[in-house]
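Asks: for reference, the sequence and a predicted model appear below.
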Amino acid sequence: MNSTLYNLADDVLIYTIAFLSVPDILLLRQTCKWIHALTRLRVVWTNVFKLDIISNNYPFALDDTDLDHRTCHAYRLASRWLTLRSPLIPKSETTFVGSPGSGLSLPFGISPVTLQQKFSEWSLKGAMFTAVKLNADPESEASMAVSLELRFCTWMTMGFCMKFVSSIPISDLRPVTINGDVIALDDGASKTLVYNWKTDKHAHLDDVGNTQHDHCLQVVFTPPIIDILVVRARSITLYAAPPRPTRVATHSFGWDDGASATPTSILIRSQNDNLWALELNSLELHSLSLLSSNSRLQNIVLMWNSPMPQCHPWGAGHCRMDPPTRPRHAVFPDPLNPTAKVRIREVYMNNLNNWIALDYDKDLGRITLGSGFRKIMIV
């Protein structure tokens, strides 16, 4: 190793390392034990986090306490979205063999994305799987919630096997979200239930009246679980957390075909009632931001404003969506897309026009597509 680095004081070397890129720091860490220990210091990643992530306004995980991992994860995420030159091709494809039906009566299995092997498999004779939701809290005792045709169960994975945790005899409800010990359930119509499967406490969020087909699309728990954001087909409502979940604010974007929400933003796929319109479906991104002020914050109420004009630079992003033969990804104007327009790119062509499910894992940068012919495509 060059003796010049050994002659530098530690504080000078720490200051110098901060100007290197994240990949260069990880490569430098492999040179010797001294540099490896030096690049593990929190002060190093504090400087790198400020220069590479904060200054560029890149998104990062607030709940990740490991500054080293948080910085590397934010850098990799930004690198994937800022460099979209490489073609996106399917990485793997899995086919399920069995008879078609409204539910899943096949064995339930867990397989890693990178390895062609199965971790575990579980099935119950005569059971029909109706929904499967993974726990958002990786430290929770229950890793997933599985709803069956006759009862509702939660399950915990342990290594290469599955271990039963508890059973909830609620036949008409299916899991929408599970976060730690709290599960949000929906009946597919207008009933929404928040249930703690450990304490057996529950609360109903059924103040939508007799509105038909206003079923729940997504439930977001703000960490820690202080507020509950319920996204329904025709309304979005913010509730105070149990034991007395009162409604704080509500808003309607019209008839929504799909939605995805976070505590600070929501992506709406709206439906046009006019069959002769040029755009039957559209994507709209709405964000909630706070203005900085010197006054002390006494109270806050969440409210959703009407969408701003499309030409408004800080208004709701808008793009036209084609029929579902071409799964696409879109990057709205933000730090990962410095341009003023929405970037849309075709991912994969499906001539059979039968995509029925989609999921995206930003940690792995993979898109999972499910077709009506029992095939799962990972892109």
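Replies: Alright, I've got the coordinates.
Asks: where in the stretch 201-350 of the chain is pLDDT low?
Replies: 206-213, 223-226, 255-257, 263-264, 271-282, 288-350 (pLDDT under 70).
Asks: go with 80
Replies: By pLDDT under 80, the low-scoring segments of the stretch 201-350 of the chain are 205-215, 222-227, 233-235, 241-246, 249, 251-350.
Asks: quick one: end-to-end distance for stretch 132-139.
Replies: Stretch 132-139 has an end-to-end distance of 18 Å (C-alpha to C-alpha, to the nearest Å).
Asks: in it, what counts as buried?
Replies: 133, 135, 137 (16 or more other C-beta atoms under 10 Å). Heads up, the C-betas are built off the backbone N, CA and C, glycines and all.
Asks: next: stretch 233-253.
Replies: 233-239, 241-242, 245, 248, 250, 253.
Asks: between those, which sits nearest Thr222?
Replies: Closest to Thr222 out of the buried residues of stretch 233-253 is Ala241 (8.4 Å), distances taken as C-beta to C-beta.
Asks: and the gap between the closest one and Leu217?
Replies: Distance of Ala241 to Leu217, given as C-beta to C-beta, to the nearest Å: 20 Å.
Asks: same check on Ala78?
Replies: Distance from Ala78 to Leu217, by C-beta to C-beta: 28 Å.
Asks: what is the most widely separated pair among the buried residues of stretch 233-253?
Replies: Pro242 and Phe253 (26.2 Å).
Asks: helices of the chain, start to end?
Replies: Secondary structure of the chain (DSSP state H): helices at 3-7, 10-17, 22-28, 33-38, 42-48, 67-82.
Asks: which residues are contacting the shortest one?
Replies: Applying C-beta atoms under 8 Å, 6 or more residues apart in numbering, the external contacts of helix 3-7 come out as 13, 35.
Asks: tabulate the CA atom coordinates of it in CSV.
Replies: Extracted in CSV, the C-alpha atoms of helix 3-7 (Å, rounded to 0.1, in the frame of the first residue of the first chain):
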residue,chain,number,x,y,z
SER,A,3,2.9,5.0,2.3
THR,A,4,1.3,8.4,1.6
LEU,A,5,-1.9,7.3,3.2
TYR,A,6,-0.1,6.1,6.3
ASN,A,7,1.5,9.5,6.8
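Asks: buried stuff in it?
Replies: Result for helix 3-7 [16+ other C-beta under 10 Å]: no buried residues.
Asks: before we move on, what about the fourth one?
Replies: Buried residues in helix 33-38, counting neighbours by 16+ other C-beta under 10 Å, are found at 35, 38.
Asks: buried residues, stretch 174-193. List them.
Replies: Buried-residue list, stretch 174-193, by 16+ other C-beta under 10 Å: 174-187, 190-193.
Asks: looking at the buried residues of stretch 132-139, which are in strands?
Replies: Under the assignment DSSP state E, the buried residues of stretch 132-139 contribute Lys133 to strands.
Asks: could I get the average pLDDT for stretch 128-141?
Replies: Taken as a whole, stretch 128-141 has an average pLDDT of 79.
Asks: what's the burial count for Ile14?
Replies: 17 (other C-beta atoms under 10 Å).
Asks: actually, Tyr58.
Replies: Tyr58 has 20 nearby residues by other C-beta under 10 Å.
Asks: for the one 5 residues further on, same thing?
Replies: Under the neighbour criterion other C-beta under 10 Å, Asp63 is assigned a count of 7.
Asks: just the buried positions in stretch 16-27, please.
Replies: So stretch 16-27, judged by 16+ other C-beta under 10 Å, has buried residues 17-18, 20, 22, 25.
Asks: again with stretch 42-55
Replies: Per 16+ other C-beta under 10 Å, stretch 42-55 contains these buried residues: 44-45, 47-49, 52-53.
Asks: dump the helices of the chain to CSV, plus distance to Ile378.
Replies: Output for the helices of the chain, formatted as CSV (distance: least, C-beta to C-beta, whole Å):
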stretch, distance to Ile378
helix 3-7, 43
helix 10-17, 36
helix 22-28, 25
helix 33-38, 34
helix 42-48, 31
helix 67-82, 15
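Asks: next, format those as CSV and append mean pLDDT.
Replies: Converted to CSV, the helices of the chain look like this (pLDDT from 0 to 100):
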stretch, mean pLDDT
helix 3-7, 70
helix 10-17, 84
helix 22-28, 90
helix 33-38, 86
helix 42-48, 89
helix 67-82, 85
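Asks: which one of those helices lies nearest to Ile266?
Replies: Using C-beta to C-beta, these put helix 67-82 closest to Ile266, at 19.4 Å.
Asks: and that closest one, what does it pack against?
Replies: helix 22-28, helix 42-48 (3 or more C-beta pairs under 8 Å, 6 or more residues apart in numbering; DSSP states H and E).
Asks: neighbours around Asn56, how many?
Replies: Neighbours of Asn56 using other C-beta under 10 Å come to 14.
Asks: just checking, it touches Ala78?
Replies: Yes. Counting by C-beta atoms under 8 Å, Asn56 touches Ala78, with 7.2 Å between them.
Asks: and the strands in the stretch 51-200 of the chain, which stretches?
Replies: Ranges of strands in the stretch 51-200 of the chain, per DSSP state E, counting those that start in this stretch, are 92-95, 108-110, 120-122, 129-134, 144-148, 152-158, 161-168, 174-179, 182-186, 192-196.
Asks: which one of the helices of the chain lies nearest to His286?
Replies: By C-beta to C-beta (comparing all of the helices of the chain), the closest turns out to be helix 67-82, at 19.8 Å.
Asks: mind listing what's buried in the closest one?
Replies: Buried, per 16+ other C-beta under 10 Å, within helix 67-82: 68, 70-75, 77-78, 81.
Asks: report the two of these separated the most.
Replies: Those two in the buried residues of helix 67-82 that are separated most widely, counting by C-beta to C-beta, are Asp68 and Trp81, at 21.4 Å.
Asks: OK, contacts around Asn47?
Replies: 14-15, 17-18.
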